[in-house]
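Enquirer: sequence plus the predicted model coming up.
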Amino acid sequence: GQQVMQIPQYQHVQEGEDFTTYCNSSTTLSNIQWYKQRPGGHPVFLIQLVKSGEVKKQKRLTFQFGEAKKNSSLHITATQTTDVGTYFCAGRDGGSQGNLIFGKGTKLSVKP
Amino acid sequence: NAGVTQTPKFQVLKTGQSMTLQCAQDMNHEYMSWYRQDPGMGLRLIHYSVGAGITDQGEVPNGYNVSRSTTEDFPLRLLSAAPSQTSVYFCASSYSSSTYNEQFFGPGTRLTVL
């Protein structure tokens, strides 16, 4: 079945450093969504990418969807302590009306 | 709007006990789902529903039952709790099961089975 792999599993950065998490699917995705989960909290929707090669920005966060629609990335510029949490990507197989398949997430810690 | 609500927030069970985790949403969403979250495993889909009266199995359905008698409510039943079911359970909803809808998550239920 479809798999969504996410790396790295953990990332420790100094405040002000950049951070990137990568998401790869075994199949072509119709779209990809990104969620953030703060420690002790629940996942919260950040953004959705639909088009091949799409790039979207939210302040210091940049999201990309690969040309083949099989990979995506989230890049945070100049991390802040408020960025701490786990970032999940989630995608659906483009050929089915299946449910979201979540990656295992990247847990970001930021040292002040 | 309260969004997605879940009760209880915490629960401790003994092996073999049964219980129901409650989930409700007030956004008139068609699609509702249950996930479990274990360390290093991400979010795994247990059961989902595309509308009242319709439910289906997700990736890890064994040991759980669901029903959807109303649009608002989607309870998850543990039939005979096992230590392997110790986890954090999240309920989520979206406007429809369409590919392009974001999911709204509840605050979660932290379940420990002894």
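Expert: Nice, I can see it.

Enquirer: okay, and for the chain, where does confidence drop off?
Expert: Since no chain was named, I'll use chain A. Across chain A, residues meeting the criterion (pLDDT under 70) sit at A:1-2, A:93-98.

Enquirer: hm, I was asking about chain B
Expert: Segments of chain B classed as low confidence (criterion: pLDDT under 70) are B:99.

Enquirer: can you give me the helices in chain B?
Expert: Residue ranges of helices cannot be listed for chain B, since DSSP state H assigns none.

Enquirer: spell out which parts of it neighbour chain A.
Expert: Taking C-beta under 8 Å from any C-beta of the partner chain, the part of chain B that reaches chain A is made up of B:33, B:35, B:40-45, B:48, B:58, B:90, B:92, B:97, B:99-100, B:102-108. Heads up, the C-betas are built off the backbone N, CA and C, glycines and all.

Enquirer: now the buried members of those.
Expert: For those, a burial check counting by 16 or more other C-beta atoms under 10 Å in any protein chain shown picks out B:33, B:35, B:42-45, B:48, B:58, B:90, B:92, B:97, B:99, B:102-108.

Enquirer: strands of chain A, start to end?
Expert: Assigned by DSSP state E, the strands in chain A fall at A:4-7, A:10-14, A:19-25, A:29-37, A:43-49, A:55-58, A:61-65, A:71-76, A:85-93, A:101-102, A:106-111.

Enquirer: and the ones you listed as TSV, adding distance to chain B and mean neighbour count?
Expert: Formatted as TSV, the entries for those read as follows, by distance: least, C-beta to the nearest C-beta, whole Å; neighbours: other C-beta atoms under 10 Å in any protein chain shown:
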stretch	distance to chain B	mean neighbour count
strand A:4-7	8	19
strand A:10-14	10	13
strand A:19-25	11	21
strand A:29-37	5	23
strand A:43-49	4	19
strand A:55-58	14	13
strand A:61-65	13	20
strand A:71-76	15	21
strand A:85-93	5	25
strand A:101-102	4	24
strand A:106-111	9	18
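
Enquirer: between those strands, which one is nearest to residue B:72?
Expert: If you check each of these against residue B:72 by C-beta to C-beta, strand A:43-49 wins as the nearest, at 20.6 Å.

Enquirer: quick one: the closest one to strand A:71-76, angle?
Expert: Relative orientation of strand A:43-49 with respect to strand A:71-76: 120 degrees, computed using axes from the mean of the first three to the mean of the last three C-alpha atoms, to 10 degrees.

Enquirer: the residue most central in space within chain A bridge partners, please.
Expert: By C-alpha atoms, centre = their mean, chain A has its centre lying nearest to residue A:89, at 4.0 Å. With DSSP bridges as the criterion, residue A:89 is bridged to residue A:34.

Enquirer: contacting residues around it?
Expert: Neighbour list for residue A:89: A:4, A:6, A:21, A:23, A:32, A:33, A:34, A:35, A:72, A:74, A:102, A:103 [criterion: C-beta atoms under 8 Å, 6 or more residues apart in numbering or on different chains].
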